[in-house]
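**Student:** what follows is a predicted protein model with its sequence.
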Amino acid sequence: MITFALVAVLLAFPALGSPLSTSAESLIPGGGGLDLAPIISRPSAEQTAIPNQYIVVLKPEATLDDLNAHAAAVQSYDESNPLIHIFDGPLKGVVGKFSDATVDKIRAMPKVGYVERDQMLNAVDRSITKRNVVTQRGAPWGLARISHQERLSFRTFDKYIYNDQGGTGVDVYVIDSGINIGHVDFEGRAHWGHTVPAGDRDEDGNGQGTHCAGTIAGKTYGVAKKAQVYAVKVLRSNGSGSVSDAIAGVNWASKQAQARAIEAIKEFRATGKTSHKGSVANMFSRSNGSSALNDAVNAAVRNGMHFAAAAGDNNSDACDYSPAAAELPIIVGASTISDDRASFSNYGKCLDIFAPGRDITSTWIGNKYAINTISGTSMASSHTAGLLAYLLSLQDPRSPAPGSGDSYYNADGSLDVTQFGAMTPAELLSILIDLSGEDKLSNIPPLTNNFLIYNNEAR
């Protein structure tokens, strides 16, 4: 709730650590009665499982040297099938196609936490409403709603009240299908970050990522109109993708955010100030939950990334979805213009908050002026990611926490973002909940939080 690369030879990755000295054989304990790492394969995931493809997650205490040694050992079992991913961020592990015998060997390795069958992910099917570019007379209803405490009226339904510096100094990573970075509504603030699916193009062929980015940071359609957005493409242009690609995207975004935070700490130590306010991520959720994806997102949050994720669009328990079942991201359900829970929105104890998600107009693909109106909890999480960026950018100046020597990290090894004066994800979540309107929505099932996001501008 509330991380890739194709490898044929491991030595192609000097950044992963020092040269290996551990043999493959030394990683396999001998003797019988071994405690094997569990293998996770949910019955509901059988139809989407990728044949013989597995995500191997190392234990939390594993180091980069452990990862190097593990990857070399696993690769030695079948050199004809190069590893598909190496996760060298907060979540450490590998992905590859393995025989049953190889899986058994992997499970016996002492550094392996668990093994999970990889799955296919798919973007939600949507009917596309073709729209021409129009001159906006008023704001989209979603923006209006998050800037008013009470239900929208004829007087307020198209009025978005906001600070025009909202989003300044904040980077937002849109982990989805990509972004139409040339769209005029981004004013040059959209950037291509990383394409994970092998052989796919650096463009959004689906539209969902562009729509989310527009709601986050577009000049016309966005909550935080000065934020920078970065495309992290984990869904192919046809809208499909694997869980392991999604994990690789989360890992990449988390590493970028950590590098930016360390730069900000260095800048503050040298000059007494920094323009960087923090990093936010936005991501979809899908069914057939994945422990590895949940763990990757949790690791990103522990290292200072503010993370909003969709609850899912099947009118069911969000705890059955990933990363909606993860403990640390902010899980968002969808509301309507009439302050109901959207009929498709997931619910339950894993959901933290609601945001506008039905009939949301935003940027689209096809040309630099395209817009489209669609629905989904990804639209709701986009409003929330935008509000996280907005609130981060407008936080009152605060004295950074003192660092320990030249260290940038907490005692548990996680990045300490307070060293450049930023809020932690837990602190910002508390502010988000405190500002939100409680019991504003109808059609809320039992055990489901009834909070609606609010930017604290209009009364």
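**Tutor:** Nice, I can see it. Numbers count the residues shown, from 1 in each chain.

**Student:** ok, which stretches of the stretch 151-300 of the chain are helices?
**Tutor:** Counting by DSSP state H, counting those that start in this stretch, the stretch 151-300 of the chain has helices at residues 208-217, 243-271, 291-302.

**Student:** what is the mean pLDDT for the first one?
**Tutor:** Averaging pLDDT along helix 208-217 gives 99.

**Student:** now that helix: how far from the chain's centre is it?
**Tutor:** Mean-position distance between helix 208-217 and its chain equals 13 Å (CA atoms, centre = their mean, to the nearest Å).

**Student:** which strands and helices sit next to that helix?
**Tutor:** Contacts defined by 3 or more CB pairs under 8 Å, 6 or more residues apart in numbering; DSSP states H and E place helix 208-217 against strand 170-176, strand 228-233, strand 360-363, strand 371-374, helix 377-393. For the C-beta atoms, the positions are set from N, CA and C on the backbone; glycine is no exception.

**Student:** and of the helices of the stretch 151-300 of the chain, who's closest to Leu36?
**Tutor:** In terms of CB to CB, the element of those nearest to Leu36 is helix 291-302, at 16.2 Å.

**Student:** relative to helix 243-271, how tilted is the closest one?
**Tutor:** Following axes from the mean of the first three to the mean of the last three CA atoms, to 10 degrees, one obtains 10 degrees for the angle between helix 291-302 and helix 243-271.

**Student:** need the next SSE after helix 291-302, C-terminal direction.
**Tutor:** Reading on from helix 291-302 to the C-terminus, the next helix or strand found by DSSP states H and E is strand 306-310.

**Student:** what helices or strands is that next one leaning on?
**Tutor:** Applying 3+ CB pairs under 8 Å, 6+ apart, one finds that strand 306-310 contacts strand 278-283, helix 291-302, strand 330-335, helix 377-393, helix 425-435.

**Student:** would TSV of the helices and strands packed on helix 208-217 with mean neighbour count, mean pLDDT and distance to Leu121 be doable?
**Tutor:** Below are these laid out as TSV (neighbours: other CB atoms under 10 Å; pLDDT from 0 to 100; distance: least, CB to CB, whole Å):
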stretch	mean neighbour count	mean pLDDT	distance to Leu121
strand 170-176	29	99	11
strand 228-233	26	99	12
strand 360-363	27	98	21
strand 371-374	21	98	18
helix 377-393	31	98	12
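
**Student:** which one of these lies closest to Ile247?
**Tutor:** strand 170-176 (10.2 Å).

**Student:** C-alpha coordinates for the closest one, CSV please?
**Tutor:** Extracted C-alpha coordinates of strand 170-176, given in CSV (Å, rounded to 0.1, in the frame of the first residue of the first chain):
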residue,chain,number,x,y,z
VAL,A,170,10.3,17.6,-9.0
ASP,A,171,11.0,14.7,-11.4
VAL,A,172,8.1,12.3,-12.1
TYR,A,173,8.8,8.9,-13.6
VAL,A,174,5.8,7.5,-15.6
ILE,A,175,6.2,3.7,-15.6
ASP,A,176,3.8,2.7,-18.3
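
**Student:** so how far is that strand off the chain centroid?
**Tutor:** The answer for strand 170-176 is 8 Å, by CA atoms, centre = their mean.

**Student:** orientation of it relative to strand 278-283 in degrees?
**Tutor:** Per the same axes, to 10 degrees, the angle that strand 170-176 makes with strand 278-283 is 20 degrees.

**Student:** in its sheet, what does strand 170-176 sit against?
**Tutor:** Here strand 170-176 is paired, per DSSP bridges, with strand 228-233 (parallel), strand 278-283 (parallel).

**Student:** okay, the ones you listed in TSV with distance to Ile216 next?
**Tutor:** Formatted as TSV, the strands paired with strand 170-176 follow (distance: least, CB to CB, whole Å):
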stretch	distance to Ile216
strand 228-233	6
strand 278-283	6
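
**Student:** closest to Ala71 out of those?
**Tutor:** In terms of CB to CB, the element of these nearest to Ala71 is strand 228-233, at 22.9 Å.

**Student:** so what touches the closest one?
**Tutor:** For strand 228-233, contacts defined as CB atoms under 8 Å, 6 or more residues apart in numbering pick out 167, 170-179, 181, 186, 189-197, 200, 202, 204, 209, 213, 216-217, 249, 252-253, 256.

**Student:** on that earlier part again, now the helices of the stretch 151-300 of the chain in TSV, with mean neighbour count and distance to Gly357?
**Tutor:** Listed next are the helices of the stretch 151-300 of the chain as TSV, based on neighbours: other CB atoms under 10 Å; distance: least, CB to CB, whole Å:
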stretch	mean neighbour count	distance to Gly357
helix 208-217	32	10
helix 243-271	22	21
helix 291-302	25	20
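
**Student:** can you list those helices in CSV and add distance to Glu61?
**Tutor:** Output for these, formatted as CSV (distance: least, CB to CB, whole Å):
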stretch, distance to Glu61
helix 208-217, 35
helix 243-271, 18
helix 291-302, 13
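
**Student:** the ones you listed: which one's closest to Glu457?
**Tutor:** Nearest to Glu457 among those is helix 208-217; the distance by CB to CB comes to 17.3 Å.

**Student:** now that closest one against helix 377-393, angle please.
**Tutor:** 40 degrees.

**Student:** how much does helix 208-217 deviate in direction from strand 306-310?
**Tutor:** Using the same axes, to 10 degrees: helix 208-217 against strand 306-310 is 130 degrees.

**Student:** hang on, the earlier thing: so which of the strands paired with strand 170-176 comes closest to Ile146?
**Tutor:** If you check each of the strands paired with strand 170-176 against Ile146 by CB to CB, strand 278-283 wins as the nearest, at 15.0 Å.

**Student:** got the domain ranges for this protein?
**Tutor:** Listed by automatic domain parsing, the domain ranges of the chain are 10-119, 141-452.

**Student:** so the closest residue to Lys349 other than its chain neighbours: helix, strand or coil?
**Tutor:** Spatial nearest neighbour of Lys349, chain neighbours left out: Leu447 (4.9 Å); criterion: CB to CB, 6 or more residues apart in numbering. Per DSSP: H, G, I helix; E, B strand; the rest coil, the secondary structure class of Leu447 is coil.

**Student:** OK, contacts around the nearest residue to Ile360 once chain neighbours are set aside?
**Tutor:** Spatial nearest neighbour of Ile360, excluding adjacent residues (CB to CB, 6+ apart): Met379 at 4.2 Å. Met379 is in contact with 142, 211-212, 215, 334, 356-358, 360, 362, counting by CB under 8 Å, 6+ apart.

**Student:** understood, closing this out.
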